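[1] Below is the sequence, then the predicted model.
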Amino acid sequence: MSVETNSSKILLNQGDRAQLVNLPEWLRRPVGKASELSTVQRIIKQRQIHTICEEGRCPNRAECYAQGTATFLLMGPTCTRACAFCQVDKGHAPMPLDLEEPTKVAEAVSLLGLKYVVLTSVARDDLPDQGAGWFVQTMAAIRQKNPDAQIEVLTPDFWGGKEADLSSDQLQQQRVETVVKAEPACYNHNIETVERLQGKVRRGAKYQRSLRVLQLVKDANPSIPTKSGLMLGHGETEDEILVTLQDLRGVGCDRLTLGQYMRPSLEHLPVQKYWTPDEFTQLGAIARKMGFSHVRSAPLVRSSYHAGDKS
C-alpha cells in the first residue's frame with residue numbers, strides 16, 4: 001500500500017498479519033501511560049460494557065482515558081452494517097442485549113464523575129425499533145443515578161426497511177422522535193462523507209437519509225442542538241465538502257466535526273489523501289462563517305472529542 005507521506009509509522013493489525021505504513025507527523029499520538037488508562041479500563045471491563053474508544057480504535061483513546069472519560073457503545077460490539085471505513089466488528093447475528101447494560105453504564109458514569117456523557121451504538125437492524133428505545137432506557141438509568149449529567153447521543157439512522165418504503169420512513173421518524181422525547185443535550189448523527197462517496201464508504205446508509213435524521217430532530221424539537229461529522233481522506237474534493245456543509249446547515253445542523261480518516265486495517269478502504277492541519281483550520285473557519293455554532297476541525301478530531309467543551 002502506498003501512502004503519500006514522509007514521517008512516522010504505525011502498526012496496523014489484520015488478523016495474524018501486520019504491516020507498517022507511513023503516517024504524516026501530525027497524526028502521531030502517544031500511546032499513554034498504563035497508570036493513566038487503567039481506571040477507565042478497569043471500570044469498563046468489570047462491567048462488561050463497551051466503548052467506541054476501544055472498538056473503533058480511536059486515536060484519542062489515551063488522552064480521553066487519562067482525563068477519566070469515554071464514549072459508551074451501546075447494544076454490544078457487533079454492528080449489522082458493514083461500512084468500509086469502520087473498525088467495529090460486523091455481523092448479521094449480534095449478541096442479545098444485556099438487560100443490565102443501562103444500569104452498568106450509569107454506574108460507570110457515576111464512578112468516572114462524568115458531567116457530560118456521550119452515548120453511541122452499533123447499528124442494530126435486527127431489533128424491532130433499531131435500538132431507539134435502548135438509548136432512552138440508558139439515558140433514564142444515567143439520570144436516575146447522575147441527575148446533573150448532560151447526555152449527548154450519537155445514533156445510527158434507525159433505518160431497517162426497503163427503499164421507497166413509506167412505512168419505513170414513518171418508522172424511522174418514530175424512532176428518531178423516541179430519542180428526541182428523552183431530551184438529549186445534543187443529537188448527533190454523522191453523515192461521514194460527501195454524497196458521491198456514500199455508497200463506497202457507508203454501506204447500508206444514504207446521504208439524504210442521514211440529512212433526514214437531522215431534519216427530523218429539528219422538526220420534533222428545534223431547541224435540541226444537532227451535530228454531524230465527516231471523516232476526510234476518502235477522495236472528496238474541497239468543493240464537495242463545502243456542498244455537504246451547506247446541506248447540513250440546510251437541515252439546521254448546529255455543530256460540526258471534521259477529522260482525518262485513518263485506515264484501521266488492510267481490509268478497510270485505503271486513505272486517498274491526508275489533509276493537512278492548515279487545511280482543517282481553513283475548513284473550520286469556513287464552517288463557522290456558514291453558521292455552525294460549534295466546530296471541531298483537525299486531523300485527530302472524532303465525533304465525541306471534547307464534546308462537552310463548547311468553547
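    Okay, I see it.
[2] any idea which element the closest residue to residue 306 other than its chain neighbours lies in?
    In this structure, residue 306 finds its nearest non-sequential neighbour in residue 296, 6.8 Å apart by C-beta to C-beta, 6 or more residues apart in numbering. For the C-beta atoms, the positions are set from N, CA and C on the backbone; glycine is no exception. Secondary-structure assignment from DSSP states H and E places residue 296 in strand 294-297.
[3] mean confidence score for that strand?
    For strand 294-297, mean pLDDT is 96.
[4] all strands for the chain, in order.
    Taking DSSP state E as the test, the strands found in the chain are 9-14, 17-22, 50-51, 71-74, 78-79, 89-90, 116-121, 150-154, 186-188, 226-232, 255-260, 294-297.
[5] which helix is the longest one in the protein?
    helix 166-181 (DSSP state H).
[6] Mind listing what's buried along that helix?
    Neighbour-count burial for helix 166-181 flags 168, 171-173, 175-180 (criterion: 16 or more other C-beta atoms under 10 Å).
[7] same deal with stretch 191-211?
    Those would be 191-198, 201-202, 204-207, 209-211, for stretch 191-211 by 16+ other C-beta under 10 Å.
[8] for the protein, which spans come out with low pLDDT?
    Residue ranges of the chain with pLDDT under 70: 1-21, 29-37, 53-69, 84-89, 91-93, 161-166, 310-311.
[9] bridging residues for the residue nearest to residue 306?
    Residue 296 has these beta-bridge partners by DSSP bridges: residue 257.
[10] show me the contacts for it.
    256-259, 284, 305-306 (C-beta atoms under 8 Å, 6 or more residues apart in numbering).
[11] so can I have CSV of these showing distance to residue 236?
    Below are the contacts of residue 296 laid out as CSV (distance: C-beta to C-beta, whole Å):
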residue, distance to residue 236
256, 15
257, 15
258, 11
259, 13
284, 16
305, 20
306, 24
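[12] hmm, back to that, hey, C-alpha coordinates of the strand holding residue 296 in PDB?
    Listed next in PDB are the C-alpha coordinates belonging to strand 294-297 (Å, rounded to 0.1, in the frame of the first residue of the first chain):
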ATOM      1  CA  HIS A 294     -19.600  24.800  17.400                       C
ATOM      2  CA  VAL A 295     -16.800  23.400  15.100                       C
ATOM      3  CA  ARG A 296     -14.000  21.000  15.800                       C
ATOM      4  CA  SER A 297     -11.800  20.600  12.700                       C
END
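[13] How many residues are close by residue 113?
    10 (other C-beta atoms under 10 Å).
[14] Over to the one 10 residues further on?
    In terms of burial, residue 123 registers 27 neighbours under the definition other C-beta under 10 Å.
[15] and if you look at residue 272?
    Using other C-beta under 10 Å, residue 272 has 13 neighbouring residues.
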